[in-house]
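[1] Make a model of this:
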Amino acid sequence: MAKICLCLTAKTIARDLEILEKNRRYADIAELRVDCLDPNERFLIRRFPEQAGIPVILTIRRDLEGGRFTEGESSRIRLLSQGLAFAEADRRKNFAYIDLEEDLDVPSLEEAARTFGTRIIRSSHNLEGMDADIPGKLRKLRRVGDEIAKIAVMARGSADALALVRAAKAEGRTDKIFLCMGHYGTFSRILTEKLGSLITYTSAGEEDTPQAAPGQLSPRELVELYRFRGITAETKVFGVVGYPLKVTGSPRFFNTVFDMEYTDAVYVPFPADSLADFIALAGELELSGVSVTVPYKEKVTAFLGSMSDEVELIGACNTITQGPQGWRGTNTDMRGFSDSLLNFMNVLAAGGPDKAGKVPGQARGQRAKPITSLRGKKVTVIGAGGAARAVAAELYRLGAKALILNRTLTKARTLAGLYKFQWGGLDERGVNLMGKFADIVIQTTPAGMEGNPDRDPLELYSFTGREIVMDLIYEPDRTPLLRRAAQAGCPVLNGYDMLIRQARYQYTQFLKRDFPPALLNRVTF
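    Below is the predicted model of the structure:
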């Protein structure tokens, strides 16, 4: 079973022990990063294994491999020797492992380690990308059969992540540690057992201690969110793919559900700069299902073996699952969007809150039939991408008339043409057209989310306070567009409720059963 290693990078032994104690329930192993200690603290390392009370890796990482040790090699070897000196008969008081880089050749140090039961991790750290010949690298690393070969690479993109997974699978169940550093390699720190790797490395996330390597998660996150210790060869793997995918609540939602209902499954983020490479990676990892987000909702259709009628109609897909014909694509955005919008309109009609304190459509307290149609409503849709396609299809199904506005006019015209909607650009002419389509405004682009936090795609439009305004972005909860609309007195809705609703539909696609009614109000993002 793969182990969780907590990397300790404080300046003092006392602070390292304090951090270890705080995370003891989550960590199986600790790595003492001697290179991060103050110089006078380095003389105290010998007693650390006994103080820690769990197996400890002795590591002194050089700056050229991402560490902080800048003195000469003779000083480093002397410190490593000091850590192994005066070994105890009780091996729990000795370092359980020692990390030696591939180019460090000190036979006396290696002999001392083996004599006293300290296992050697022979490591290679490539901060520039993927090694061209990983099998060859492994052969060079394993000088003696009992050594653990460790390969850590900085994944520059999905192709590097894919190459590492293929190399790990080809290596089989030999003792090894394989991981991808950086944003693209997050999955490798979670699916350690699936890769046949012995150890995953974590950082505590304390403000006064540096992260030991790019992309590390906290041990608590691994245990509580991803249920790391329960992942086995039989565990089903689901995930979300997108780019840059720096903000996603989906892992929290699905992993919480899996935990509550004791489902042997895990849901993992997959930032991907290449959809083709991700699809290959998904095959290597035998993913059961994937949520597809920006910018791949349209591009993913090229990789499907079959698709639902909705995907065929709109050319956009946000959910793929493995089936007899390969990947099958469905779209849960459509129902998630319309359910959310209609629910909001019913809340408003029943006297629910809006920013201006108004209740559109009826007097307070007056009962009305539930709103199930948009017939007679004039709607403006901002954007013409995958999310906009789902929105437009539902608007058409519910009987609304719509205007599609987009920066690229050809995309706006193409989408509008499917439903005989009006179209235009995000310019003065397009804004003028909005006057006839201002009952509801739906914003579907990434404008206003992380990476584009200050963007307002409708800066030329002045809200009257009568529009219902919905932005599909859920983080931040108020984009510049929603803030401006609310200030004008408009009832506003972000994408959080839609996210929850479409995720419940995705659950049904993934597990072939309805979302548990008992969890409807208990699970959030």
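
[2] Please give the element, helix or strand, for Val237.
    strand 236-242 (DSSP states H and E).

[3] For that strand, name the packing helices and strands.
    If you count contacts as 3 or more C-beta pairs under 8 Å, 6 or more residues apart in numbering; DSSP states H and E, strand 236-242 packs onto helix 250-260, strand 265-271, helix 275-284, strand 289-292. C-beta here means a position set from N, CA and C on the backbone, and glycine is covered the same way.

[4] Give me whichever of these is most buried.
    Neighbour counts (mean count of other C-beta atoms under 10 Å) averaged over each of the helices and strands packed on strand 236-242 peak at strand 289-292, with a mean of 26.

[5] tell me which strands and helices it is in contact with?
    On a contact count with 3+ C-beta pairs under 8 Å, 6+ apart, strand 289-292 meets strand 236-242, strand 319-323, helix 496-511.

[6] Any chance of JSON lines for those, columns distance to Ala438 and mean pLDDT?
    Output for these, formatted as JSON lines (distance: least, C-beta to C-beta, whole Å; pLDDT from 0 to 100):
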{"stretch": "strand 236-242", "distance to Ala438": "31", "mean pLDDT": "98"}
{"stretch": "strand 319-323", "distance to Ala438": "32", "mean pLDDT": "96"}
{"stretch": "helix 496-511", "distance to Ala438": "21", "mean pLDDT": "96"}
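
[7] out of the ones you listed, nearest to Ile468?
    Closest approach to Ile468 among the helices and strands packed on strand 289-292 is made by helix 496-511 (13.6 Å; C-beta to C-beta).

[8] hmm, back to that, would you list the helices and strands packed on strand 236-242 in TSV and tack on mean pLDDT and distance to Met181?
    What follows is the helices and strands packed on strand 236-242, written out as TSV (pLDDT from 0 to 100; distance: least, C-beta to C-beta, whole Å):
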stretch	mean pLDDT	distance to Met181
helix 250-260	96	20
strand 265-271	98	13
helix 275-284	98	16
strand 289-292	98	23
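
[9] circling back: now tell me what touches the strand holding Val237 from outside.
    Strand 236-242 is contacted from outside by 187, 191, 194, 248, 250-251, 254, 263-272, 275, 278, 282, 285-296, 510, using C-beta atoms under 8 Å, 6 or more residues apart in numbering.

[10] Show me what that strand pairs with in its sheet, parallel or antiparallel.
    Sheet partners assigned to strand 236-242 using DSSP bridges are listed as strand 265-271 (parallel), strand 289-292 (parallel).

[11] what's the nearest residue to Arg407 if we skip its chain neighbours?
    In space, and not counting its chain neighbours, Arg407 is closest to Leu426: 5.3 Å by C-beta to C-beta, 6 or more residues apart in numbering.

[12] quick one on the thing from earlier: same list (the helices and strands packed on strand 289-292) but as CSV, adding distance to Glu101.
    As requested, those are exported to CSV (distance: least, C-beta to C-beta, whole Å):
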stretch, distance to Glu101
strand 236-242, 32
strand 319-323, 40
helix 496-511, 42
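
[13] Mean neighbour count added to these, as CSV?
    Below are the helices and strands packed on strand 289-292 laid out as CSV (neighbours: other C-beta atoms under 10 Å):
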stretch, mean neighbour count
strand 236-242, 21
strand 319-323, 20
helix 496-511, 21
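
[14] of all those, which lies closest to Leu403?
    Once the helices and strands packed on strand 289-292 are compared by C-beta to C-beta, helix 496-511 is nearest, at 20.5 Å.

[15] Would you state the strands of the stretch 51-200 of the chain in chain order?
    Taking DSSP state E, counting those that start in this stretch as the test, the strands found in the stretch 51-200 of the chain are 56-59, 97-101, 119-126, 148-154, 176-181, 199-203.

[16] contact partners of the second one?
    Counting by C-beta under 8 Å, 6+ apart, the neighbours of strand 97-101 from elsewhere in the structure are 29, 31, 55-59, 61-62, 65, 80, 83-84, 106, 109-110, 113, 118-125, 148, 150.

[17] how about a cut-off of 10 Å?
    Here strand 97-101 makes contact (C-beta atoms under 10 Å, 6 or more residues apart in numbering) with 5, 29, 31, 33, 55-62, 64-65, 67, 76-77, 80, 83-84, 106, 109-110, 112-113, 118-125, 141, 143, 147-148, 150, 177, 199.

[18] Of those residues, keep whichever come out buried.
    For the contacts of strand 97-101, a burial check counting by 16 or more other C-beta atoms under 10 Å picks out 5, 29, 31, 33, 55-62, 65, 67, 76-77, 80, 83-84, 109-110, 112-113, 118-125, 141, 147-148, 150, 177, 199.

[19] give the contact list for Glu71.
    Contacts for Glu71 (C-beta under 10 Å, 6+ apart) come out as Asp35, Pro39, Ile60, Arg62, Asp63, Arg78, Leu79.

[20] The last one - how many residues pack around it?
    Looking back up the chat, that one is Leu79. 19 (other C-beta atoms under 10 Å).

[21] how much space between it and Met307?
    According to C-beta to C-beta, to the nearest Å, Leu79 stands 60 Å off from Met307.

[22] what's the answer for the third one, then?
    From Ile60 over to Met307 the distance is 54 Å, taken as C-beta to C-beta.

[23] Quick one: low-confidence residue ranges for this structure.
    The model of the chain has pLDDT under 70 over residues 353-368, 451.

[24] tell me the centre residue of it?
    A centroid search over the chain (C-alpha atoms, centre = their mean) returns Pro269, at 3.1 Å, as the residue closest to the centre.

[25] and that residue, what are its bridge partners?
    Under DSSP bridges, the beta-bridge partners of Pro269 are Val240.

[26] wait, it sits on His183?
    Yes: between Pro269 and His183 there is a contact under C-beta atoms under 10 Å: 9.3 Å.

[27] which residues do those two both contact?
    Contact criterion C-beta under 10 Å, 6+ apart; residues shared by Pro269 and His183: Leu245, Lys246.

[28] if we can go back for a sec, and the helices and strands packed on strand 236-242: which comes nearest Arg24?
    helix 250-260 (21.6 Å).
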